[in-house]
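Enquirer: What follows is a predicted structure for the sequence shown.
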Amino acid sequence: MVDAATPSRKDAGDGKAFYVTTPIYYVNDAPHIGHAYTTVAADVLARWHRQRGETVWFLTGTDEHGQKVMRSAEANGVSPRAWADRLVETAWKPVLSTIDASNDDFIRTTETRHTERVREFWNHLYDARQVYPGTYEGPYCVSCEEFKLPNELLDGEDGAKLCPIHGRPVEMLSETNYFFKLSAFTDKLLAYYEEHPEFVQPESARNEVVAFVKQGLQDLSITRSTFNWGIPVPWDDDHVLYVWIDALLNYVTAAGYRTDPLLFKRVWPADVHLVGKDILRFHAVIWPAMLMAAGLPLPRTVFAHGWLLVGGEKMSKTKLTGIAPSQIVDTFGSDAFRYYFLRAIQFGSDGSFSWEQISAIYTSELANGLGNLASRVAAMVGRYFGGTLPAPAAAGPAETALAERLAETVRIADEAMGGLRFHEALAAIDSFTDAVNGYLTEQEPWKVAKDDSPAARDRVATILYTAAESLRAISVLHNPVMPKSAAALWKELGAAETLGELDLQPLTNAGRWGLLPPGSVITKGEPLFPRIEEPDTK
Ligand code: MSP
């Protein structure tokens, strides 16, 4: 985590930071790779925008109230607060360093900075008559912490009704509580989706949300009185707030809502809320309605990604199919972990993790692709020029083609990242790396070097300069995705001495040719992606 006092880096000029969030995670259990997937995507986005020179605010955190967490605590014989503290410190915060997340802040919903503002928010809506008392009767899934509609349930054994996501029996609730007038926002939301097509993405998610809201919204039960692990309702001590309408507010409470007007102005509204498709409706229906009711600006985009599947079903701890991120990171490293999930799965679609697939991508694209290119170039600059990058002589058609290809790659990657098409951005960078490897294979500098004429020496200098300059750009492009190996490559190129810190290289300039100065000292370091012993998956 980077220092949390102010948004990192200078802003783009208008004072507004690029604000990206992950969902806040339930602390009922430890994280699995499905959770890490959302955080990695958010982190890559945050780092990409920082590399573009923008101010960024990247928030993640934990969702600690509600029955799901309370029952885990009970099952483990401790208080919910003690359980949350334990899980946050031993599991949820550590996983951020396992996957190299660069979040600017970490919010816990049990912190006073959150609970107090949540009470104020709902008190305000209560005073504004957006909330009224009533009776709720209907099915509830504790694993989702969601009120369900009878027609979305599956049939289980002995007439039980099951949650379609968790396959677990729902519980029937019958409680007197308070309702938020969500139904009053049906038309306003539909109009908003119409005017802001970028609000819910991808297109399939948007269609689903619009179809759902078109059926007409029901008012939402926002308090519970049968247990007490939650934020007390300000106007009625016998109730706690429903966990979701507490949790959603983290995006503003952590951003200085009603405490730090300067920060709030700089970061809110969020640019992207990244969410899994199972929690899309909360973010694309309930959340904007809450903000509309309070007169706050709406986030620009809610993007729903797909699920990591195991045996065709959502990976989950409930079903005991969760894989811990460290199981993969210990074998392949955090960079490959980050690269793999965004490269292999189209963001927005479901995907399956497999050891075979990560091994194959690691070997072909990282070890044999990028890693091999870096070590070939460093070895040859060492052998033919004593480790000092030579100046190129006149560029021929192959060099011009590569320079043009680089500019095009940066353009494609930047546009794809802007649209959260991570796989497309990474495919473009990988294919540029392939092109550089192909260029070396075609130009055969090791053969040209056998001739010791000045012209041949100039030609070898040009080829190696071209390859090293390509690697300079590849380091910048990969820095948001694979920060450790990008930094190692930057060091190998001696670029820190000549161009300054990698983090400060503007991405928008990465496609300009000829930035790495001749004379840079190139050293052959450890392999960027060492060969992997077969992982023990038993
Ligand atoms: N606490 C709520 C979110 C509140 S946000 C105001 C919650 N927590 S969660 O821990 O259950 O899930 C957090 C995120 O992890 C969700 O976006 C969910 O989609 C994601 N994933 C959980 N399992 C997943 C997979 N198997 N695959 C991909 N993402 C998954 O919901």
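Expert: Looks like it arrived, so ask away.

Enquirer: before we move on, what SS does D187 have?
Expert: Secondary structure assignment for D187 (DSSP: H, G, I helix; E, B strand; the rest coil): helix.

Enquirer: One more: Y257?
Expert: coil.

Enquirer: Distance check, it against R113.
Expert: Distance, Y257 to R113, using Cβ to Cβ, to the nearest Å: 9 Å. (Each C-beta comes from the backbone N, C-alpha and C, glycine too.)

Enquirer: Those two: which is more packed in?
Expert: Y257 (24 against 15; other Cβ atoms under 10 Å).

Enquirer: Spell out which helix or strand contains L217, please.
Expert: Secondary-structure assignment from DSSP states H and E places L217 in no helical or strand segment.

Enquirer: Report the contact partners of the closest residue to the ligand within the chain.
Expert: Nearest residue of the chain to the ligand: G276, at 1.6 Å (Cβ to the nearest ligand atom). By Cβ atoms under 8 Å, 6 or more residues apart in numbering, the contact set of G276 is 23, 34, 38, 304-307.

Enquirer: I245 reaches L182, doesn't it?
Expert: No. Look at I245 against L182 with Cβ atoms under 8 Å: they stay out of range, at 10.2 Å.

Enquirer: helix/strand/coil for the residue nearest to E171 when sequence neighbours are not counted?
Expert: Of all residues not flanking E171 in the chain, Y140 sits nearest, at 5.2 Å (Cβ to Cβ, 6 or more residues apart in numbering). Here Y140 is strand, with the state taken from three-state DSSP.

Enquirer: what's the distance between Y140 and Q67?
Expert: 9 Å.

Enquirer: Give me the three-state assignment for G511.
Expert: Secondary structure, three-state DSSP: G511 is coil.

Enquirer: Give the closest residue to it in space, chain neighbours not counted.
Expert: V410 (3.4 Å).

Enquirer: Does the one you found lie in a helix or a strand, and which?
Expert: Going by DSSP H and E, V410 is in helix 397-418.

Enquirer: That helix - contacts with which helices or strands?
Expert: Secondary-structure packing of helix 397-418 (3 or more Cβ pairs under 8 Å, 6 or more residues apart in numbering; DSSP states H and E): helix 33-51, helix 422-443, helix 454-478.

Enquirer: any idea which of the ones you listed is most buried?
Expert: helix 33-51 (a mean of 25; mean count of other Cβ atoms under 10 Å).

Enquirer: After that helix, which helix or strand is next? Please name it.
Expert: Scanning forward in sequence from helix 33-51 by DSSP H and E, the next helix or strand is strand 56-63.

Enquirer: How far off centre is that following strand?
Expert: Put simply, strand 56-63 sits 10 Å off its chain's centre (Cα atoms, centre = their mean, to the nearest Å).

Enquirer: isn't the residue nearest to E171 right up against V170?
Expert: Yes. Counting by Cβ under 8 Å, Y140 does reach V170; the two are 6.0 Å apart.

Enquirer: which of these two has more neighbours?
Expert: Comparing Y140 with V170 by other Cβ under 10 Å, the one with more neighbours is V170, at 26 against 19.

Enquirer: mind checking pLDDT for the more buried one?
Expert: pLDDT, V170: 92.

Enquirer: try the one 10 residues further on
Expert: Reading off the confidence values, F180 has pLDDT 98.

Enquirer: And the ligand, is stretch 167-182 touching that?
Expert: No. Judged by Cβ under 6 Å from any ligand atom, stretch 167-182 makes no contact with the ligand; its nearest approach is 13.6 Å.

Enquirer: and that stretch, how far from the chain's centre?
Expert: 31 Å.

Enquirer: got the buried residues for that stretch?
Expert: By neighbour count on 16 or more other Cβ atoms under 10 Å, the buried set for stretch 167-182 is 168-170, 175, 177-182.

Enquirer: Using a markdown table, lay out these together with secondary structure and distance to T388.
Expert: Shown next, in a markdown table, are these (DSSP: H, G, I helix; E, B strand; the rest coil; distance: Cβ to Cβ, whole Å):
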| residue | secondary structure | distance to T388 |
| --- | --- | --- |
| R168 | coil | 65 |
| P169 | strand | 70 |
| V170 | coil | 69 |
| E175 | strand | 75 |
| N177 | strand | 74 |
| Y178 | strand | 73 |
| F179 | strand | 73 |
| F180 | strand | 68 |
| K181 | coil | 71 |
| L182 | helix | 67 |
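
Enquirer: Name the residues of the chain found near the ligand, please.
Expert: Counting by Cβ under 6 Å from any ligand atom, the residues of the chain lying close to the ligand are 23-26, 34-35, 37-38, 63, 247-248, 250, 275-276, 278-279, 307-308, 314-316.
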